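*Asks:* Show me how the following folds:
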Amino acid sequence: MKQTVVFLLLALVTGAMSAAPPQEAPGRMAKVRITAEQANLREKPDIGSSIVQQIPGGTVLEADRKEGEWYFVRYTLEDGGVIGGWIHESLVEVIEAGRPVRKAIKKPADEAPARKRSRRPIRFPRIKMPEFRSGLIPLEISFSAGLATLAPQDLNDGTRGYVDWYGASIGIPVPDGTDLLKLAFLAGFELSYRISPRLAVGLGADFVRGANGDKTELSDAALTETLSTRPSAGCVPVRVGVRFYPGAGLYFRGALGLYAVKAGYRFRHEDATSWEQWKGSATASGLGGEAGFGGEWDVASRTVLFVEADFRMASFSGLTGRNVYTNSGGEAQTEPGTLYQFRKAAADESIHSLVFVRATAPSETGVVDSRRARINLSGAAFRVGVRYRF
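*Replies:* Residues are numbered from 1 along each chain as shown. All right, here's what the predicted structure looks like:
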C-alpha cells in the first residue's frame with residue numbers, strides 16, 4: 001500500500017514539472033563604452049533631467065534596457081556602490097550585444113495563423129539639440145570678432161558739409177564722392193552662467209571702433225588745394241545679456257548695456273605753401289540695447305564655434321570734449337566744449353552742415369539751426385567667435 005502511495009506522488013510531481021512553462025535566465029541588453037571625453041549620467045531619459053554622475057570617457061557599462069535614444073546603465077563607484085541612470089546613445093558605442101530577457105508564450109491550438117506584418121512607415125531623422133556638457137560649475141567664456149555698421153548722420157553730414165562749404169568759399173566746384181563713416185571693427189568677450197541647457201545669462205563687453213579718412217583735391221587754373229577729412233566714432237558697451245536655445249544649436253539673444261561713446265573729426269586744407277587743421281573729439285555715456293540670433297557647433301567636448309547676427313539700438317547726444325586748431329604758421333588754439341551740429345553760409349550764400357566742438361552754441365554771422373550733435377551708433381553687427389565651457 002505504501003509503495004502504491006509513493007508511486008502516485010512521484011507521478012504527480014513529475015507531471016507538474018513537465019507541465020510548467022520553460023524559464024530563461026535573465027540577461028543584460030548590451031555592453032557599451034563611453035566615446036565622449038565625459039558623459040552625463042541622468043536621472044531620467046531627458047536632456048533636461050538632473051545629472052546623477054559624470055562618467056569619464058572609455059568606461060565600459062552594462063546596459064539593462066533602452067528607451068528611445070537613451071540607455072539605462074549601471075555604474076560602479078570607487079567605494080564599490082552601484083548606481084543606475086540614463087545616458088544618451090550619442091555618447092556611447094555598443095561593444096557587445098547581450099541576451100535580452102524573453103518570456104515563453106504558449107500559442108493556443110486554435111489560434112489563426114499570424115498575419116504578415118505591414119511595412120513600417122519611413123521615419124526621417126529627427127533634429128536633436130546637441131548634448132550639453134559642462135563641469136561642476138556651468139560657466140562659459142566667449143571671445144568674438146566681426147564687423148558692425150554705423151549711421152552717425154550728424155558726423156557724416158558735417159564731414160561732407162565741410163568739403164562743400166570750403167569749395168564754395170574759394171569758388172571751386174567740389175567733385176562728388178566724399179567717403180563717409182559706415183563700418184566699424186568690433187571685438188568682444190562674455191562670461192555667462194548656464195542656468196539650463198536652454199537658458200544662459202551673461203556679462204560682457206565689446207569694443208567697437210570705426211574711422212574713415214578721405215582726401216579731395218580742388219583745383220582750377222590759378223589754385224590747387226587738398227582737403228582731408230577723417231570722421232571717427234566708437235563705443236564700449238558693458239552689457240547684461242540672455243541667450244535662449246529653442247533647440248538644434250540655434251539661439252536668440254538680447255542685451256541691455258551701458259555705453260561709453262566717443263566721436264571725433266579732423267578737417268584739414270592745404271596748398272603748396274600753407275595749411276590749416278581742426279581736430280576734435282567728444283565723449284558721452286548712456287544706455288543701449290541689442291537683439292539678435294546665432295548658431296553654434298561643437299568643435300571639441302567643451303568648445304563650440306558660434307556665429308551671430310545682431311541689431312544694435314544706441315543713439316547719444318550731449319557729447320563734450322575739445323577742439324584743437326593748428327596751422328602752418330605755428331598757431332595752436334584749444335577750445336573745450338560741446339559737439340554741435342549747425343548750418344553755415346559760404347561765400348556764394350549756399351548753406352552747408354558743419355560739426356565742431358564749441359564752448360557755446362555757434363551764433364556767428366551766417367550760422368543757422370545750431371543744436372547739439374547726435375551720434376547714432378545703431379546698426380547691424382556680424383561676429384564669429386569661440387565659446388568654452390568650464
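*Asks:* nearest spatial neighbour of the residue nearest in space to the middle of the chain, skipping sequence neighbours?
*Replies:* Nearest to the mean C-alpha position of the chain, by C-alpha atoms, centre = their mean, lies E308 at 4.6 Å. Leaving aside its sequence neighbours, E308 sits nearest to G294 (C-beta to C-beta, 6 or more residues apart in numbering; 3.7 Å). C-beta here means a position set from N, CA and C on the backbone, and glycine is covered the same way.
*Asks:* right, and that neighbour touches G254 too?
*Replies:* No - at 11.9 Å, G294 does not count as touching G254 under the criterion of C-beta atoms under 8 Å.
*Asks:* between those two, who's got more neighbours?
*Replies:* Neighbours were counted for G294 and for G254 using other C-beta atoms under 10 Å; G294 has more, 19 against 15.
*Asks:* A148 versus that one, what's the distance?
*Replies:* Look at G294 and A148: by C-beta to C-beta, to the nearest Å, they are 15 Å apart.
*Asks:* hmm, back to that, hmm, who's touching the helix or strand hosting the residue nearest to the centre of the chain?
*Replies:* Using DSSP states H and E, E308 maps to strand 303-313. Residues from elsewhere that reach strand 303-313, judged by C-beta atoms under 8 Å, 6 or more residues apart in numbering: 142, 144, 146, 148, 253, 288-299, 377-389.
*Asks:* One more pass at 6 Å, please.
*Replies:* Counting by C-beta atoms under 6 Å, 6 or more residues apart in numbering, strand 303-313 makes contact with 289-292, 294-299, 378-385, 387-388, all of which sit outside it.
*Asks:* Then stretch 193-209?
*Replies:* 47, 132, 138-139, 148, 184-192, 234-245.
*Asks:* do the same with stretch 84-91
*Replies:* 36, 39, 41-42, 45, 52, 69-74, 131.
*Asks:* Now render the residues you listed as CSV, adding neighbour count and pLDDT.
*Replies:* Conversion of those to CSV gives the following (neighbours: other C-beta atoms under 10 Å; pLDDT from 0 to 100):
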residue, neighbour count, pLDDT
A36, 18, 86
A39, 25, 88
L41, 20, 90
R42, 19, 90
P45, 17, 90
V52, 17, 85
E69, 13, 89
W70, 20, 90
Y71, 24, 89
F72, 17, 91
V73, 28, 89
R74, 14, 87
E131, 16, 48
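*Asks:* Out of those, flag the one nearest to I351.
*Replies:* I351 has its nearest neighbour among those in E131, at 64.4 Å by C-beta to C-beta.
*Asks:* after the lowest-mean-pLDDT helix or strand in the chain comes which helix or strand?
*Replies:* In the chain, no helix or strand scores lower on mean pLDDT, DSSP states H and E than helix 2-19, which sits at a mean of 47. Per DSSP H and E, the first helix or strand lying C-terminal to helix 2-19 is strand 30-34.
*Asks:* thinking again about what came up before, can you tell me which of the contacts of strand 303-313 are in strands?
*Replies:* 289-292, 294-298, 379-385, 387-388 (DSSP state E).
*Asks:* Give me the buried subset of those.
*Replies:* Of the members of the ones in strands among the contacts of strand 303-313, the ones counted as buried by neighbours, 16 or more other C-beta atoms under 10 Å, are G289, E290, G292, G294, E296, G379, A381, R383, G385, R387.
*Asks:* nearest to V92, of those residues?
*Replies:* Closest approach between these and V92, by C-beta to C-beta: E296, at 23.2 Å.
*Asks:* quick one: the closest one and G249 touch, right?
*Replies:* Yes - using C-beta atoms under 6 Å, E296 is in contact with G249, at 5.2 Å.
*Asks:* Which neighbours do these two have in common?
*Replies:* When C-beta under 6 Å, 6+ apart defines a contact, no residue borders E296 and G249 alike.
*Asks:* Flag every buried residue along stretch 75-84.
*Replies:* Of the residues in stretch 75-84, Y75 count as buried by neighbour count, 16+ other C-beta under 10 Å.
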